[in-house]
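> predicted model and sequence below, questions to follow.
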Amino acid sequence: MKPLVEFCASNVSSYTQSVVDALENDPQLDVDVLEYGCLGYCGECYMQPFALVNGNLVQAQTPDELLAKIKSKLREEDDLMNIDFPL
């Protein structure tokens with residue numbers, strides 16, 4: 001299953017359009033990027049860039065910082081999924 005990165009439409013119009021574009025156009029990433037009218041984080045929307053990565057809130061002061069945090073979270077979750085647990 002592909003990782004899911006969700007954005008609030010109001011936040012996209014204010015802060016994160018460049019992050020959405022970067023994620024959608026990165027050939028090294030295989031993620032689903034979705035934009036919704038509301039993610040239920042009213043107030044956060046107008047304060048700073050944010051997204052949900054597989055349902056987990058990721059916030060930053062700038063769009064560039066948000067992109068870096070999203071990629072870090074995706075790598076972290078991918079590493080967890082690829083751990084071989086002994087039986």
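Looks like it came in fine. Note that the coordinates shown come from a computational prediction; the quantities given were computed from them, not determined experimentally. Numbering: from 1, shown residues only.
> and the lengthiest helix in the chain, what does it pack onto?
Ranked by residue count under DSSP state H, the longest helix found in the chain is helix 63-81. Applying 3 or more CB pairs under 8 Å, 6 or more residues apart in numbering; DSSP states H and E, we find helix 63-81 packed against helix 17-25, strand 50-53, strand 56-59. Every C-beta, even on glycine, is put in place using the N, C-alpha and C of the backbone.
> in this structure, what helix or strand scores lowest on average pLDDT?
When the helices and strands of the chain are compared on mean pLDDT, DSSP states H and E, helix 44-47 comes out lowest with a mean of 78.
> which strands and helices sit next to that helix?
helix 9-11.
> pick the most buried one from the helices and strands packed on helix 63-81.
strand 50-53 (a mean of 22; mean count of other CB atoms under 10 Å).
> what residues are up against the closest residue to residue 44 other than its chain neighbours?
Closest residue to residue 44 apart from its sequence neighbours, by CB to CB, 6 or more residues apart in numbering: residue 50 at 5.4 Å. Residues in contact with residue 50 (CB atoms under 8 Å, 6 or more residues apart in numbering) are 8, 11, 16, 41, 44, 57, 58, 59, 60, 66.
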